[in-house]
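Undergrad: Kindly return the folded structure for what I paste below:
(one chain, ligands or ions: 1)
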Amino acid sequence: MTPCRRTRQPVFDLPAGLRLRRWSQDDAPMLLIAMRDPLIRHYSGFLVEDRSPALARLQHYTDSWNHGEGAAWALCDAGDQLVGSVRFALTDGDLGTGAVGYWLTAQVRGRGAATTAVGLGTTTVLRQLGWHRIELRHAVENERSCRVARRCGYRFEGVLRAGMRYPDDGRWSDEHLHARLAGDEGPRDPGR
Ligand SMILES: CC(C)(COP(=O)(O)OP(=O)(O)OC[C@H]1O[C@@H](n2cnc3c(N)ncnc32)[C@H](O)[C@@H]1OP(=O)(O)O)[C@@H](O)C(=O)NCCC(=O)NCCS
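TA: Below you'll find the model as predicted:
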């Protein structure tokens, strides 16, 4: 991957007073509450249940942009309460390939916030970090996530049989693989 000159991780104002901002250590209590949401917990690749691992994770999120390993944003409402997460993590630096994961708390689902946030994050990572390919995986039955993927221009590439094991209950899950390449045409209106 051609190294890019890194600037400070950008933040974004979204419609309806939402904001995509950098994480801080102060977010630990809100992260722990969000991770108790049944859907977020069900589809999370990791569990965070205590303050100390939450702080370590937030430090990792903060460092990822500065270390060139990805980009993690907290989605917050007008009162700066945490309502979502969008995170890009480099999985193969030589190939410039990474993965994206996201969640919203229940109060902001169904309004397009995930689509807007994932779309903005995707554009930023492709342009500013110079990634070549971003993969997006979700459980086959997670249709809401599939719709976010498609609206953000992540093309469906196939099914990974038992491609994930979720820590919540140890279940093996068949996963859709979607991906967006730097050279792909983005969605015509990234909002939908
Ligand atoms: C996956 C998840 C983030 C999707 O959330 P979401 O609210 O459906 O996604 P969006 O914020 O993009 O909202 C899209 C919905 O809002 C509607 N909407 C309203 N205005 C919109 C706009 N301006 N732009 C896009 N969608 C809009 C869409 O019609 C869509 O509803 P539909 O899917 O029924 O058609 C959410 O369900 C979640 O957090 N789930 C638990 C964790 C999880 O599954 N994470 C993903 C693991 S891979």
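Undergrad: make it CA atoms for all contacts and neighbour counts henceforth
TA: Will do.
Undergrad: where does the chain come near the ligand, residue by residue?
TA: 39-40, 43, 101-105, 109-115, 137-138, 144-145, 147-148, 191-192 (CA under 6 Å from any ligand atom).
Undergrad: Buried members of these into PyMOL, please.
TA: The following PyMOL line selects those of those that are buried, judged by 16 or more other CA atoms under 10 Å:
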select buried, resi 40+43+101+102+103+104+105+113+114+115+137+138+145+148+191
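Undergrad: in this structure, which spans are helices?
TA: 28-34, 38-42, 51-66, 113-128, 143-151 (DSSP state H).
Undergrad: contact partners of the shortest one?
TA: The list of residues contacting helix 38-42 from outside it, by CA atoms under 8 Å, 6 or more residues apart in numbering, reads 34-35, 47, 103-105, 166, 168-169.
Undergrad: Quick check: bridge partners of the residue nearest to Arg150 when sequence neighbours are not counted?
TA: Excluding the flanking residues, the one nearest Arg150 by CA to CA, 6 or more residues apart in numbering is Phe156, at 7.7 Å. On the basis of DSSP bridges, Phe156 is bridged to His178.
Undergrad: any idea how far Phe156 is from Ala78?
TA: Applying CA to CA, to the nearest Å, the value for Phe156 to Ala78 is 34 Å.
Undergrad: Of these two, which one has the most company?
TA: Per other CA atoms under 10 Å, whichever of Phe156 and Ala78 has more neighbours is Phe156, with 17 against 10.
Undergrad: Now do the end-to-end distance for stretch 19-27.
TA: 14 Å.
Undergrad: Gly183: neighbour count?
TA: 9.
Undergrad: so what pLDDT did Leu160 get?
TA: Looking at Leu160, its pLDDT is 98.
Undergrad: Could you list the low-pLDDT ranges of this structure?
TA: 1-6, 188-192 (pLDDT under 70).
Undergrad: Next, the contact list for the residue lying closest to Ala99 once chain neighbours are set aside, please.
TA: Closest residue to Ala99 apart from its sequence neighbours, by CA to CA, 6+ apart: Glu135 at 4.6 Å. Glu135 makes contacts with 97-100, 154, 177-180, as judged by CA under 8 Å, 6+ apart.
Undergrad: which of those lies closest to Ser64?
TA: Gly98 (12.2 Å; CA to CA).
Undergrad: Setting aside sequence neighbours, what's the nearest residue to that closest one?
TA: Excluding the flanking residues, the one nearest Gly98 by CA to CA, 6+ apart is Leu90, at 4.0 Å.
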